[in-house]
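K.L.:
for reference, the sequence and a predicted model appear below.
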Amino acid sequence: MRQARYRRACCWLALGVQILPLKPCSKELQPGYGPRKTRITDPAFARKWFLNTNANLGVVLGGAAGLVVADWDDMQTYQLWHASIGAAVDTLTEQTARGYHSFFFGKELQSAVGNECEFKATGVCMVSPSIHPSGAVYRVIHEAPIALIGAQRAHLLFPFLSEMHPLKARVELKTPPCVPGEGGVIMRIKAARSILDEIYAAGIRLRPAGTNALVGLCPFHDDHSPSLWVNPESGLWGCNRPDCSASGIHDVINFRALKRGISNRAAIKQLADEFL
């Protein structure tokens, strides 16, 4: 484990990222170390900590390298993001004790929280193969070059970063509240009418874009590069453009309502009349 941690430390240093020693099986910094204190910047210094002790490994976020991380503590939320908005993202990703870390290089980005994801642009992030206090070992699940991400793409991938989405705002599934007896109808509609059938019926063409995801031109704004995403498996869809009326996460009922300019309740009635 020490050799693996040292090799990983050298990889981060080669990328220009400063590293820090953490206490064993902990996220706490070793005394005297921190983003504004002593940092490790060369392999010889790293060797003393990561080959000769059981220190965990941390990386410095922000700074000259501009390293940022998207941190999900819920595995299902990450998997939904990865199968929809993040389908085309190819970057270093690690599994943590409860979720995932996806790393990017991007300067002048701000930290924010939304949709069960914490986007961190400052501070320290524990990385593999460190050991969580629970005993879980962080591990790389997708070894890829760390992707560059500008402000515009960051806002597309993480809509809560946009000024239109306040800090800690949540992107919620916009299915209307159920009234007595309506919940079963909604479930039956989703089982009878797939989101793909509804989208294809509207004349929208889709193409593959990653695992379990399709993309196409969004019909709800003047779209010249595919920003509409669809996950056929979950039946969910949305638009990556934050100022689009279709931004967020939606279902087949929402699509019918938006496309025909009617209420969700009216869309439920139409779909029920047609397919139930």
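P.N.:
Everything's here; your move.

K.L.:
can you show me the helices along the stretch 151-276 of the chain?
P.N.:
Taking DSSP state H, counting those that start in this stretch to define them, one finds helices in the stretch 151-276 of the chain at 151-157, 182-192, 195-201, 252-260, 264-275.

K.L.:
what residues sit buried inside the last one?
P.N.:
Spelled out, that is helix 264-275. Neighbour-count burial for helix 264-275, with 16 or more other C-beta atoms under 10 Å as criterion, is recorded at 264, 267-268, 270-272. Any C-beta I mention is one placed from the backbone N, CA and C, and that applies to glycine too.

K.L.:
go through the helices of the stretch 151-276 of the chain and find the least confident stretch.
P.N.:
Lowest mean pLDDT within the helices of the stretch 151-276 of the chain: helix 182-192, at a mean of 80.

K.L.:
what residues of that one count as buried?
P.N.:
Applying a neighbour-count criterion of 16+ other C-beta under 10 Å, the buried positions in helix 182-192 are 185-186, 189-190.

K.L.:
related to what we said a few turns ago, mind putting the helices of the stretch 151-276 of the chain into CSV with distance to Ala246?
P.N.:
Shown next, in CSV, are the helices of the stretch 151-276 of the chain (distance: least, C-beta to C-beta, whole Å):
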stretch, distance to Ala246
helix 151-157, 13
helix 182-192, 18
helix 195-201, 11
helix 252-260, 6
helix 264-275, 14
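
K.L.:
of all those helices, which lies closest to Pro24?
P.N.:
Minimum separation from Pro24 across the helices of the stretch 151-276 of the chain (C-beta to C-beta) falls at helix 151-157, 34.0 Å.

K.L.:
run the chain-centre distance for that closest one.
P.N.:
11 Å (C-alpha atoms, centre = their mean, to the nearest Å).

K.L.:
let the chain start at 10 from now.
P.N.:
In the new numbering, first residue 10, that becomes helix 160-166.

K.L.:
circling back: out of the buried residues of helix 273-284, the closest to Pro142 would be?
P.N.:
For the buried residues of helix 273-284, with Pro142 as the reference and C-beta to C-beta as the criterion, the closest is Asn273, at 44.4 Å.

K.L.:
any idea how far the closest one lies from Ala281?
P.N.:
Asn273 sits at a distance of 12 Å from Ala281 (criterion: C-beta to C-beta, to the nearest Å).

K.L.:
what of Pro228?
P.N.:
23 Å.

K.L.:
number of nearby residues for the closest residue to Ile28 other than its chain neighbours?
P.N.:
Residue nearest to Ile28 in three dimensions, not counting chain neighbours: Ile49, with 4.7 Å by C-beta to C-beta, 6 or more residues apart in numbering. With neighbours defined by other C-beta atoms under 10 Å, the count for Ile49 comes to 23.

K.L.:
dihedrals phi and psi, Ile49?
P.N.:
Note on Ile49: its backbone torsions stand at phi -90, psi 130 [degrees, to the nearest 10].

K.L.:
ok, now Ala13?
P.N.:
The phi/psi pair for Ala13 (degrees, to the nearest 10) is phi -60, psi -40.

K.L.:
so it touches Pro138, yeah?
P.N.:
Yes. The pair Ala13 / Pro138 is scored as a contact, 5.0 Å apart, by C-beta atoms under 8 Å.

K.L.:
any idea how far Phe114 is from Glu125?
P.N.:
Taking C-beta to C-beta, one finds Glu125 at 23 Å from Phe114.

K.L.:
got the contact list for Arg265?
P.N.:
207, 271, 276, 279-280 (C-beta atoms under 8 Å, 6 or more residues apart in numbering).
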